[in-house]
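Undergrad: quick one: sequence plus predicted model below, questions after.
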Amino acid sequence: MNTVAMQKYMGFSTAAAPPSPAAATLVNTRSFSLTSTTQRNHINFKQKSPLFQLRYTLNNNNNNFHGGSQHTLGSTFTQFTVIAVFSLTLLILRLASDLLLPDFPRRWRRLIGFASQAEAELVEAPEYLFQGVVAYEDRRFFSHSGVDAIGVARAILSLSARGGGSTITQQLVKNTFLKNERTLSRKFIEMALAVALERKISKPKILSAYLCKIYWGHGIYGIKSASNLYFGKHPSLLTLGECALLIGIIPAPESRSPFRDYSRGKTFQARVLKRMVVGHFLDIESALSAVRKPFALKSDGPEYAEKSLFPVLLPSESGYESPMKDTWDWERESKMWEVVEDMEKWAMSFRKIVKTSNL
């Protein structure tokens with residue numbers, strides 16, 4: 001019996017012949033070799049695993065720590081920023097609600113419309129009316145954006161002894177929107193509103209609204225009423241001297257009113273003219289001419305106006321000018337002369353300073 005027949009007889013097929021002893025030995029050897037190598041590697045890995053696993057664990061922990069800490073810090077900072085902004089907003093709103101008048105939105109809209117109307121009413125007013133206000137109240141009015149940093153710093157250094165550092169815009173905002181409280185929080189709200197107002201309307205409109213809205217004494221508000229009260233004329237007809245006198249009483253209209261003390265009105269008139277000269281709005285000769293001229297107050301002014309409030313004797317180019325013939329107040333006249341002499345001395349010193357600076 002041949003080999004093929006024998007395999008068929010024993011139940012083996014050619015495709016699935018059993019391996020020969022040599023092949024089985026080779027397979028077992030390879031399997032043993034692979035198994036031995038794997039076992040050796042496995043044993044070596046187990047022998048090195050404590051140190052390797054320690055380093056691997058530490059590296060993973062460090063990576064997780066840095067990544068997690070950065071994410072945690074960023075998330076904490078964002079939350080803190082949101083809370084801080086929200087708290088600051090609430091604080092500002094609380095301060096604003098305590099300091100602003102209840103009808104603030106309506107007042108804001110009315111001021112915007114009032115500014116345009118005031119500018120139209122004062123279109124024929126003399127230019128030195130506006131120049132005098134800027135020179136005396138806010139000389140950097142056309143260069144700042146609602147808040148004068150130099151003026152604020154000066155007020156802080158002098159402890160407000162020389163003024164509060166408020167601009168024309170701030171005064172308009174204070175008189176229109178804020179309550180009468182002298183606090184630091186009110187000042188901050190005033191500054192913020194002044195900046196917002198300057199971004200809303202132009203400088204000429206703000207200046208016109210200021211002149212038409214501020215208090216001028218004796219229960220009078222607005223330049224139109226003030227011009228009629230003190231001089232009985234429209235603002236467009238005011239002279240340089242009359243404009244300077246009205247501007248001089250703005251900081252304290254009741255105490256500086258010429259109806260209370262004529263000589264004090266003349267004193268502050270001279271101060272305004274000096275500042276106009278320094279601010280290059282006016283020449284010295286025009287200022288001297290204005291301070292030398294008498295001004296006639298309206299005879300039917302306030303009830304307490306006295307006869308001595310009529311024009312007084314002052315030097316002029318043609319000698320003396322005075323329509324008053326039957327009243328003479330020597331004390332008052334002496335003060336008036338002192339004002340004129342002081343103005344002339346100041347003009348001489350100012351000319352020397354200008355001449356020296358031009359050399």
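TA: On my side now, so go ahead.

Undergrad: every contact and neighbour count from this point should use C-alpha atoms.
TA: OK.

Undergrad: and residue 80, what pLDDT?
TA: The per-residue pLDDT reported for residue 80 equals 66.

Undergrad: cool, and residue 154?
TA: 82.

Undergrad: tally of neighbours for it?
TA: Neighbour count for residue 154, taken as other C-alpha atoms under 10 Å: 17.

Undergrad: okay, helices next: where are they in the stretch 151-300 of the chain?
TA: 168-177, 184-200, 203-213, 223-231, 240-248, 262-278, 284-292 (DSSP state H, counting those that start in this stretch).

Undergrad: now the first one and helix 184-200, what's the angle there?
TA: Okay, so that is helix 168-177. In terms of direction (axes from the mean of the first three to the mean of the last three C-alpha atoms, to 10 degrees), helix 168-177 departs from helix 184-200 by 110 degrees.

Undergrad: can you pull out the low-pLDDT segments for the stretch 1-150 of the chain?
TA: Low-confidence segments of the stretch 1-150 of the chain, defined by pLDDT under 70: 1-75, 77, 79-80, 82-101.

Undergrad: run the last query once more with 80
TA: 1-103 (pLDDT under 80).

Undergrad: what's the closest non-adjacent residue to residue 151?
TA: Leaving aside its sequence neighbours, residue 151 sits nearest to residue 165 (C-alpha to C-alpha, 6 or more residues apart in numbering; 4.5 Å).

Undergrad: ok so, going back, could the helices of the stretch 151-300 of the chain go into JSON lines alongside mean pLDDT and mean neighbour count?
TA: JSON lines is the format used below for those (pLDDT from 0 to 100; neighbours: other C-alpha atoms under 10 Å):
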{"stretch": "helix 168-177", "mean pLDDT": "92", "mean neighbour count": "21"}
{"stretch": "helix 184-200", "mean pLDDT": "89", "mean neighbour count": "17"}
{"stretch": "helix 203-213", "mean pLDDT": "96", "mean neighbour count": "22"}
{"stretch": "helix 223-231", "mean pLDDT": "95", "mean neighbour count": "21"}
{"stretch": "helix 240-248", "mean pLDDT": "95", "mean neighbour count": "26"}
{"stretch": "helix 262-278", "mean pLDDT": "92", "mean neighbour count": "23"}
{"stretch": "helix 284-292", "mean pLDDT": "93", "mean neighbour count": "19"}
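
Undergrad: what's the closest of these to residue 128?
TA: Closest approach to residue 128 among the helices of the stretch 151-300 of the chain (C-alpha to C-alpha): helix 240-248, 6.7 Å.

Undergrad: what helices or strands is the closest one leaning on?
TA: Using 3 or more C-alpha pairs under 8 Å, 6 or more residues apart in numbering; DSSP states H and E as the contact criterion, the neighbours of helix 240-248 among helices and strands are helix 127-137, helix 262-278, helix 284-292.

Undergrad: closest one to residue 352 among these?
TA: Using C-alpha to C-alpha, the nearest of the helices and strands packed on helix 240-248 to residue 352 is helix 284-292, at 12.2 Å.

Undergrad: would you mind writing the CA trace of the closest one as PDB?
TA: Written as PDB, here are the backbone C-alpha positions of helix 284-292 (Å, rounded to 0.1, in the frame of the first residue of the first chain):
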ATOM      1  CA  ILE A 284      -4.600 146.900  26.100                       C
ATOM      2  CA  GLU A 285      -5.900 150.200  24.600                       C
ATOM      3  CA  SER A 286      -9.400 148.800  24.200                       C
ATOM      4  CA  ALA A 287      -9.400 147.500  27.700                       C
ATOM      5  CA  LEU A 288      -8.200 150.800  29.200                       C
ATOM      6  CA  SER A 289     -10.900 152.700  27.200                       C
ATOM      7  CA  ALA A 290     -13.600 150.300  28.400                       C
ATOM      8  CA  VAL A 291     -12.600 150.600  32.100                       C
ATOM      9  CA  ARG A 292     -12.500 154.400  32.000                       C
END
